[in-house]
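[1] give me coordinates for this.
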Amino acid sequence: MPDTHRRKLPIGIQTFSDIREGDYYYVDKTPHIERLVNQNKYYFLSRPRRFGKSLLLDTLRCLFEGRQTLFDGLYIHDKWDWQQRYPVIRISFANGVIKDRSELDRRIHYQLTKNSERLGLPATSYHDIPDAFAELIEVARREYNQPVVILIDEYDKPILDNILVPERARELREGLKNLYSVIKDADPHLHFVLLTGVS
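    All right, here's what the predicted structure looks like:
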């Protein structure tokens, strides 16, 4: 007999656990996710706003953190090694409008600190952003004895929010480059990296 239970539509919901635990419809995208995580290490996804990028990142976070029950009944459930749990660093620039470099640097430091706390790691000993980010990656790798997953949402939003003020946009671009440049040298400590944005 067909299931006549009507679920809710997950309009505007970007949290995978809310959808799976809140009786919402969910189109199983985990066949694509399984291919994504098994084919390569670095990804950049450019898609328009409201395209589901944040939900994709949150789904990946739950997967790499080993939250098995959220994936019950989905394609990937029987194809994933749930014994492997990875430290996940998640950074987002989706909230608010950043107006200058000092505000950007404060936002980055805040997010690095929050990631350290969530992972149960000591606060970084560096005030310099590249050193603080590199230390977070290395300490997470060592403490978890697993390579690190990095998920960055709206990587370009600070620039786009200021695109009509070219000098400020360039200043913010340099600040973001300061953060993203760490990823290349951190390669031995990384398992998977995905950056999303609209440009």
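
[2] so for the helix or strand bottoming out on mean pLDDT in the chain, what gets flagged as buried?
    Lowest mean confidence among the helices and strands of the chain (mean pLDDT, DSSP states H and E): helix 16-21, at a mean of 83. By 16 or more other C-beta atoms under 10 Å, the buried positions in helix 16-21 come out as 16, 19-20. The C-beta positions use only the backbone N, C-alpha and C, and glycine is treated the same way.

[3] which SSE is immediately downstream of it?
    helix 30-39 (DSSP states H and E).

[4] that following helix - contacts with which helices or strands?
    When contacts are defined as 3 or more C-beta pairs under 8 Å, 6 or more residues apart in numbering; DSSP states H and E, helix 30-39 packs onto helix 53-64.

[5] which residues are contacting the helix it packs on?
    By C-beta atoms under 8 Å, 6 or more residues apart in numbering, the surrounding residues in contact with helix 53-64 are 13-17, 19, 29-30, 33, 37, 45, 47, 70-71, 76, 80, 85-86, 88, 90, 92, 94, 149, 151, 153-154, 191-192, 194, 196.

[6] how about 7 Å then?
    14-17, 33, 45, 47, 70, 80, 86, 88, 90, 94, 149, 151, 153, 194, 196 (C-beta atoms under 7 Å, 6 or more residues apart in numbering).

[7] the protein: helices as residue ranges?
    16-21, 30-39, 53-64, 101-118, 129-144, 157-160, 166-185 (DSSP state H).

[8] how distant is the longest one from the center of its chain?
    Computed by C-alpha atoms, centre = their mean, to the nearest Å, the separation of helix 166-185 from the middle of its chain amounts to 18 Å.

[9] do the same with the fourth one
    Helix 101-118 has its C-alpha centroid displaced from the chain centroid by 14 Å (C-alpha atoms, centre = their mean).

[10] mind checking how far the residue nearest to the spatial centre of the chain is from Ala169?
    Centroid-nearest residue in the chain, with C-alpha atoms, centre = their mean: Leu151, separated by 2.5 Å. Per C-beta to C-beta, to the nearest Å, Leu151 is found 24 Å from Ala169.

[11] same thing with Leu179?
    Taken as C-beta to C-beta, the span from Leu179 to Ala169 is 16 Å.

[12] ok, Tyr43 next?
    Taking C-beta to C-beta, one finds Tyr43 at 25 Å from Ala169.

[13] same thing with Lys99?
    Taken as C-beta to C-beta, the span from Lys99 to Ala169 is 11 Å.

[14] next: Arg85.
    39 Å.

[15] okay, the two: which has more neighbours?
    Counting neighbours by other C-beta atoms under 10 Å for Arg85 and for Ala169 shows that Ala169 has the greater number, 16 against 13.

[16] now for that one: which residues touch it?
    159, 162-163.

[17] got a PyMOL select line for the buried ones in those residues?
    Buried residues among the contacts of Ala169 (16+ other C-beta under 10 Å), as a PyMOL selection:
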select buried, resi 159+162
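
[18] how about JSON lines for the contacts of Ala169, with distance to Arg6 added?
    Shown next, in JSON lines, are the contacts of Ala169 (distance: C-beta to C-beta, whole Å):
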{"residue": "Ile159", "distance to Arg6": "42"}
{"residue": "Asn162", "distance to Arg6": "44"}
{"residue": "Ile163", "distance to Arg6": "43"}
